[in-house]
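Trainee: Provided below are the primary sequence and the corresponding predicted coordinates.
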Amino acid sequence: MIYTITLNPALDKEYIVPKLSTNKVLRSSSIQIDYGGKGFNVSRMLASFGTASIAVGFIGGATGEILRDGLEGMGIRTDFVEVSGETRTNVSVVSSDDEQYIKVNEPGPTISQEETNKLISKIRDLVQQGDWWVMAGSLPPGTKTDMYAQIISLINAGGAKAILDTSGMPLKLGCSAGPFLIKPNIEEAAQATGLISDTHANLNKMIEVMHNVGVVNIILSAGKEGAILSNGERQWVGTPPKIEEKNPTGAGDAMLAAVVYKLEKGDSILNAFIWGIASGSAAASQPGTGMASRSMVEKLLQEVIINEE
Ligand code: TA6
């Protein structure tokens, strides 16, 4: 089974306006609403692949209920800890004439120690040999920066596989807990390793540092520039297909969904990587944090270029 963990979910609202400009009223021509937060986006993309997952996390208030109903309405099973605070709403304003966008993410509700303990014990009870756990997104206020590290240790101890997509200190501490796969972008990897990302040699150094602290596989993503995959022995550079980009928000989540989809089927990390790049590109060609269809991903597969380093 695949589980996704979203500790700070969000109702994603995308407003389309003719042109982005400040200090005046902009009128949106359309609004797109998505049941977001990185882990939920992974579950939504897995649903596009016809693959079940269980969405775990914190939800609260009326917005939390909208997210639960929305995900369950898409056939996604949920297992949430209800919190006293209100789940956040994240907003992006996109201009229709030149695709410029502004994205504002709220901090999210403050989580109590008791609510944190409830989620940790829920995960402890659910972990089983052979399962896959995808943890993605920021930590909400009130949670400790080693929360992902704690959860990864639980998952490893239960014989399951942990995949982490986050940033800052939660990523740095998470790496030391030995996750099966991480997917930072170059800026996040630079922050987690304290290295600057100006040369390819430094990118390789970052990858080496993250393997040395315990990470098994690394996908270093650079958006439409492509990505690097390292399994600790071999390294590949992936170049994405050319697409007409609509809104790149959520493309990283779509990439992660395709990767865990293939890994759970027993595929190699390299083939999972290829599907990941195609899936990220397909999602970036969608409005809002809309997820692409399986057929769109399959169409782009053969246009992904892989070179071993
Ligand atoms: O990757 C897209 C997205 O998941 C959006 O759904 C938006 O909610 C945001 O990222 C959340 O990211 P954050 O890092 O704030 O948890």
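Mentor: That came in fine, so what should we check first? Numbers count the residues shown, from 1 in each chain.

Trainee: could you use CA atoms for every contact and neighbour count after this?
Mentor: Noted.

Trainee: and the stretch 51-200 of the chain, which of its residues are near the ligand?
Mentor: Within the stretch 51-200 of the chain, the positions lying close to the ligand (CA under 6 Å from any ligand atom) are 90, 105, 137-138.

Trainee: centre of the chain versus stretch 37-55, how much separation?
Mentor: 10 Å (CA atoms, centre = their mean, to the nearest Å).

Trainee: what residues sit buried inside that stretch?
Mentor: The neighbour-count check on stretch 37-55 (16 or more other CA atoms under 10 Å) flags 37-49, 51-55 as buried.

Trainee: the nearest residue to residue 254 once chain neighbours are set aside sits in which helix or strand?
Mentor: Using CA to CA, 6 or more residues apart in numbering and skipping the chain neighbours, the partner closest in space to residue 254 is residue 280 (5.1 Å). Taking DSSP states H and E as the definition, one finds residue 280 inside helix 269-284.

Trainee: what lies in contact with that helix?
Mentor: If you take CA atoms under 8 Å, 6 or more residues apart in numbering as the criterion, helix 269-284 is touched by 224, 226-227, 229, 238-241, 243, 245-263, 289-292, 296-298, 300-301, 304, 306.

Trainee: how many neighbours does whichever residue of the stretch 151-300 of the chain sits closest to the ligand have?
Mentor: Going by CA to the nearest ligand atom, the ligand is nearest to residue 250 of the stretch 151-300 of the chain, at 3.8 Å. Using other CA atoms under 10 Å, the number of residues around residue 250 comes to 23.

Trainee: what of residue 75?
Mentor: Neighbours of residue 75 using other CA under 10 Å come to 14.

Trainee: hmm, back to that, pull out the buried members of the contacts of helix 269-284.
Mentor: Using 16+ other CA under 10 Å, the buried ones in the contacts of helix 269-284 are 224, 226-227, 229, 238-241, 246-263, 289-292, 297, 300-301, 304, 306.

Trainee: could you pull out the strands for the stretch 101-250 of the chain?
Mentor: For the stretch 101-250 of the chain, the strands defined by DSSP state E, counting those that start in this stretch occupy 101-104, 132-136, 161-165, 181-182, 217-221, 227-230, 235-239.

Trainee: same list (those) but as TSV, adding mean pLDDT and distance to residue 11.
Mentor: Compiled in TSV, those are given as follows (pLDDT from 0 to 100; distance: least, CA to CA, whole Å):
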stretch	mean pLDDT	distance to residue 11
strand 101-104	90	12
strand 132-136	98	15
strand 161-165	98	19
strand 181-182	98	25
strand 217-221	97	25
strand 227-230	98	28
strand 235-239	97	31
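
Trainee: quick check: residue 28 touching residue 16?
Mentor: Yes: counting by CA atoms under 8 Å, residue 28 touches residue 16, with 5.2 Å between them.

Trainee: so which of these two has more stuff around it?
Mentor: Comparing residue 28 with residue 16 by other CA under 10 Å, the one with more neighbours is residue 16, at 24 against 16.

Trainee: give me the below-cutoff pLDDT ranges for the stretch 51-200 of the chain.
Mentor: Of all residues in the stretch 51-200 of the chain, none has pLDDT under 70.

Trainee: can you give me the helices for it?
Mentor: Here the stretch 51-200 of the chain has its helices, by DSSP state H, counting those that start in this stretch, at 61-73, 113-126, 147-157, 168-175, 186-193, 200-212.
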